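Enquirer: my questions are about this predicted structure, shown below with the sequence.
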Amino acid sequence: MTENSRIEEGMHLDLKDRMTYGDYLQLPTLLAAQKPVSGEHDEPLFIIVHHVQELWLKLTAHELNAAIQAIRRDDLSFAFKAMARVTRIQEQLIQAWDVLSTMTPADYLKFRGSLGQASGFQSYQYRLVEFLLGAKDAKMLLPHRHDAAVHAMLDEALRAPSIYDETLLLLARRGLPVPAEALDRDFSAVRPFDPRIRDIWADVYRASEHYFDLYELAEELVDIEDWFQQWRFRHAKTVQRIIGFKPGTGGSSGVGYLKTALDRSFFPELWDVRTVL
């Protein structure tokens, strides 16, 4: 039997009326979504990197929602699996900036003017991920007023408990003295740092063998924020490398805005507890 015969024997060569790889993945739709508007060589790179990041953000939101639901039903094993997957996705998000940074300032300036007001600041999936992690800000709904479906989806996420809110509710169900105002509150508002919650985490860390699943949950949360901050840092440095301190195309302050995000924490008590242990 020839090599070609072996290959033919192991493959479906008549694919009429069968689902193919391209059908299953909707490749014609996916690959037709890259529509450069300038004709410049580097614009497909710019589009594809952002498409890839949006796909990873979609999966990140999917896994975070699954983790939130699992924490709500006290299924921490499933939550840990979803959260670990999020950190692996975040590695891919970070590496995407390495590809984009091969574009020089001169390359980008050839088509930047063609972007109009389009800006990553308007990524509703990024905003959804921030809301799921607890970075709530009603003003971030404003760029999405023109799209009723997206606005409603983000508004729902804004008002729902974040993954950290669900974690605090879990601590309370386990009998730990979480302050009532952290449990029964307006979840669309950012909850200020609370030293009482930090001290609860200190007790969990000091008795980690007794509270091992809560201890592991805390570390999974810290992992996610650690990777997220690394992604933010690489984003800021990539933007600075390509456009310096110019304003963003969508009207933001560009690198200045991105750097302010590095000072904001999703889970402040989990970071501060390191100091008091």
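Expert: Everything's here; your move. Predicted, not measured: the structure shown is a model, and the values here were computed from it.

Enquirer: let me see the ranges of the strands in the stretch 151-277 of the chain.
Expert: Assigned strands in the stretch 151-277 of the chain: none (criterion: DSSP state E, counting those that start in this stretch).

Enquirer: quick check: which ranges of it have low pLDDT?
Expert: 245-262 (pLDDT under 70).

Enquirer: which secondary structure elements does the helix or strand encompassing residue 58 contact?
Expert: Element membership for residue 58, per DSSP states H and E: helix 43-72. Helices and strands touching helix 43-72, as assessed by 3 or more Cβ pairs under 8 Å, 6 or more residues apart in numbering; DSSP states H and E, comprise helix 76-100, helix 124-133, helix 163-173. Heads up, the C-betas are built off the backbone N, CA and C, glycines and all.

Enquirer: report the angle between the last one and helix 124-133.
Expert: To tie it back to what came earlier, the one meant is helix 163-173. Relative orientation of helix 163-173 versus helix 124-133 (axes from the mean of the first three to the mean of the last three Cα atoms, to 10 degrees): 20 degrees.

Enquirer: so which elements touch helix 163-173?
Expert: helix 43-72, helix 124-133, helix 180-183, helix 212-243.

Enquirer: which positions within the last one qualify as buried?
Expert: Judged by neighbour count (16 or more other Cβ atoms under 10 Å), helix 212-243 contains these buried residues: 214-218, 220-222, 224-225, 227-236, 238-243.

Enquirer: hang on, the earlier thing: out of the helices and strands packed on helix 43-72, which comes closest to residue 189?
Expert: Ranking these by their distance to residue 189 (criterion: Cβ to Cβ) puts helix 163-173 first, at 11.0 Å.

Enquirer: report the angle between that closest one and helix 43-72.
Expert: Helix 163-173 and helix 43-72 are oriented at 10 degrees to each other (the same axes, to 10 degrees).

Enquirer: tell me the angle helix 163-173 makes with helix 212-243.
Expert: Using the same axes, to 10 degrees: helix 163-173 against helix 212-243 is 170 degrees.

Enquirer: run the chain-centre distance for helix 163-173.
Expert: Between the centre of helix 163-173 and the centre of its chain there are 20 Å (Cα atoms, centre = their mean, to the nearest Å).
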